[in-house]
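Enquirer: predicted model follows, preceded by the sequence.
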Amino acid sequence: MKRVLAHLVSIIILSISHSATAYEVLQCVSDKYIFPKTQKSGLSNPAERGKYKFDVITYGEKPFLFSIDEPDIITPTITLPSFLAEYSKNQGYKYDAYHTFESANLALDGKVWFPDTSEKKPVILLVHGNSDPGFDYLGELFSSRGYVVVQVDQTYLNGLMGESGARGWVLLEHLKLLRSWNRKQDSIFYNKLDLENIALIGMSRGGEAVSLASTFNNLKTLPNSDKLTEFGFGIKSVVALAPMDGQYQHANGKNILRNTNYLVLQGGHDADVYQFLGSQQWQRTLFDDSNDYVKYSIYVYKANHINFNQDMSNDTHWGGSKRFYKKLLSPKQQEQLTKVFVSAFIDLTLLGKKEYENILRRPPISEFDLPKDIYVSRYITSAFQVIENFDILNTDRKRYKVLVDGQEQLGMPSIVKEQLRGGVDTPNNVLALKLKKQVETSFQVKLASIDGLTMKDKFLTFAIAVLDSEKNRECSPYNLLSDIKIKILNKYGVVINQNFTSPGSISPLLTSDYSELENKDVSYPPTEPLLQTVVFPIELIAESSNTDEIILNISFTPSQNMSIILDDISIAR
């Protein structure tokens, strides 16, 4: 949704002089980042076309929105349940046209890429936001790799507000239609669709809709009704490209995505969804059964909103400034990185290709034609054993403490809210630390025992973000990761193992330059703190008994004064 920020004053100072050009802003940020050295993985490129030829089939009502021709299959219309129509009607819209929400006779229009095979194949649904469909580049890729792909047209929902729930519901109606065809012997789809292996991919408002669809899919009956939903599809994975969040809320609050794999991609120069709203759904993605799940967040510094969608990238320029986009990734570059990350994620979560995990955890800019840019990756799997995430405040905090130069700090550690661009608080709590140049600052947390941690191939992980630095006006490179040490102590203070190193780089505070779009009435906050996951391999020496209390010590001795935040301190395999 187009957002205009009137008279918004940023709480964070630009990292370089306002007199610098936009190109100089981006170059300075890149110069601060030490690009990690990676070895060739030897993996097949997830963005390469596969072996399958495919047909393109259209379905829908007349007139068909994708083509002037009659669709290959004529489909019935649907009526949304009343709770969704009432939600949209009661949003207090500013313009009269938004008060009308036609919930009956809605079309089921779709474009299908159908691989030439007799085998049953997983299904992917693609959905747009407040725009036209524009994901042929994904439809063609995935169908060539053996997926049945449906690009859903919901343009009749454009221009409304609070309609993301309706967008999600319509996706499930498409799945019901596909299921009926999958059961009909005279259908081209007969027994070709694996509806126990489904992925939903959405952008912008569609990015919120796919998460809502996954949640609605678990409803047995309509809200406050005994009427059955007839859903229950095997939606395994959800992908959100620069998504909205919170335009539709359930009776009990914002959407919680349970036991579903989740990937969100966001651009650092998004002039539409200018805050990383998808990070909130990432936080609200929870794993609480015995199966394996993952959730990934990848922030791409020079990516923007419109270049995820081919239709928008060709014609749309927010603010009327084409100059804004010239300094960013090109449409083809952004499509390429989208293909790489989304394809790796879909193959990982639907086909079990574990080898693609590292593409998402540490994006390899030297492979797969990924554009050279700063990629900030954050992730959690259901195998993570969380040590501390700072979410519960009203408990005894004696289990952890902060030390500066070996002396414990008086008072409680500073627990604050994670913030979006513009200083907007989120519900997530993080630990804030002010680090002094060449002074060791340590965070210590008690672990009940080493039981379960003595296995090999374990990793310590935590999320970290740089908030600011005394040298943030300079363009000299610095990687805080090189000044972090990990120690594991027993109750006598004896170091069990302290030789830990971590690959990769910690991103500097990323400054986005919106100067070409700004005027006296419109301003964009320049920075947004971005938590990223870092990993340290550990191996505990089994000299202590399983009843010994052990202490995890994370210490920082930076070469400059700076502020950071920490979250999600965990042990993982």
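Expert: That came in fine, so what should we check first?

Enquirer: Met492: what secondary structure?
Expert: Quick fix: residue 492 reads Tyr, not Met. Secondary structure, DSSP: H, G, I helix; E, B strand; the rest coil: Tyr492 is coil.

Enquirer: tell me where the stretch 251-400 of the chain is predicted with low confidence.
Expert: For the stretch 251-400 of the chain, residues meeting the criterion pLDDT under 70 lie at 315-320, 393-398.

Enquirer: show me where it has its helices.
Expert: Here the stretch 251-400 of the chain has its helices, by DSSP state H, counting those that start in this stretch, at 278-283, 310-315, 323-326, 331-351, 357-361.

Enquirer: can you lay out these as CSV showing mean neighbour count and distance to Glu61?
Expert: The C-beta positions use only the backbone N, C-alpha and C, and glycine is treated the same way. CSV is the format used below for the helices of the stretch 251-400 of the chain (neighbours: other Cβ atoms under 10 Å; distance: least, Cβ to Cβ, whole Å):
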stretch, mean neighbour count, distance to Glu61
helix 278-283, 24, 32
helix 310-315, 17, 21
helix 323-326, 16, 36
helix 331-351, 22, 30
helix 357-361, 19, 39
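
Enquirer: and Gln27, which of those is closest to it?
Expert: Nearest of those to Gln27, taken as Cβ to Cβ: helix 323-326 at 13.8 Å.

Enquirer: now the closest one, how far from the centre of its chain.
Expert: Distance, stretch centre to chain centre, for helix 323-326: 25 Å (Cα atoms, centre = their mean, to the nearest Å).

Enquirer: so can I have JSON lines of the helices of the stretch 251-400 of the chain showing distance to Leu435?
Expert: Output for these, formatted as JSON lines (distance: least, Cβ to Cβ, whole Å):
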{"stretch": "helix 278-283", "distance to Leu435": "24"}
{"stretch": "helix 310-315", "distance to Leu435": "41"}
{"stretch": "helix 323-326", "distance to Leu435": "35"}
{"stretch": "helix 331-351", "distance to Leu435": "32"}
{"stretch": "helix 357-361", "distance to Leu435": "25"}
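
Enquirer: out of the ones you listed, nearest to Ser414?
Expert: Of the helices of the stretch 251-400 of the chain, nearest to Ser414 by Cβ to Cβ is helix 278-283, at 19.9 Å.

Enquirer: what does that closest one contact?
Expert: Residues from elsewhere that reach helix 278-283, judged by Cβ atoms under 8 Å, 6 or more residues apart in numbering: 207-208, 211, 240, 242-243, 245-246, 254-255, 257, 262, 264-266, 295, 297, 378, 420, 426-428.

Enquirer: give me the residue at the spatial middle of this protein.
Expert: Centroid-nearest residue in the chain: Val264, 2.0 Å away (criterion: Cα atoms, centre = their mean).

Enquirer: bridged to that one, which residues?
Expert: When bridges are called by DSSP bridges, Val264 pairs up with Ala240, Ser297.

Enquirer: can you give me the strands in the stretch 151-300 of the chain?
Expert: Applying DSSP state E, counting those that start in this stretch to the stretch 151-300 of the chain gives strands spanning 193-203, 235-241, 257-258, 261-267, 285-286, 294-300.

Enquirer: for those strands, give me CSV that also has distance to Val494.
Expert: Shown next, in CSV, are the strands of the stretch 151-300 of the chain (distance: least, Cβ to Cβ, whole Å):
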stretch, distance to Val494
strand 193-203, 49
strand 235-241, 45
strand 257-258, 42
strand 261-267, 41
strand 285-286, 38
strand 294-300, 36
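
Enquirer: hmm, Ala107 and Thr77 touching each other?
Expert: Yes - at 5.8 Å, Thr77 and Ala107 qualify as touching, with contact defined as Cβ atoms under 8 Å.

Enquirer: so between these two, which is more surrounded?
Expert: Between Thr77 and Ala107, counting by other Cβ atoms under 10 Å, Ala107 is the more crowded of the two (21 against 12).

Enquirer: surely that one is in contact with Gly60?
Expert: Yes - between Ala107 and Gly60 there is a contact under Cβ under 8 Å: 5.8 Å.

Enquirer: which neighbours do those two share?
Expert: With Cβ under 8 Å, 6+ apart, Ala107 and Gly60 have common neighbours Thr75, Asp153.

Enquirer: all strands for the stretch 301-450 of the chain, in order.
Expert: Assigned by DSSP E, counting those that start in this stretch, the strands in the stretch 301-450 of the chain fall at 375-381, 385-388, 400-404, 407-408, 415-420, 424-435, 441-447.
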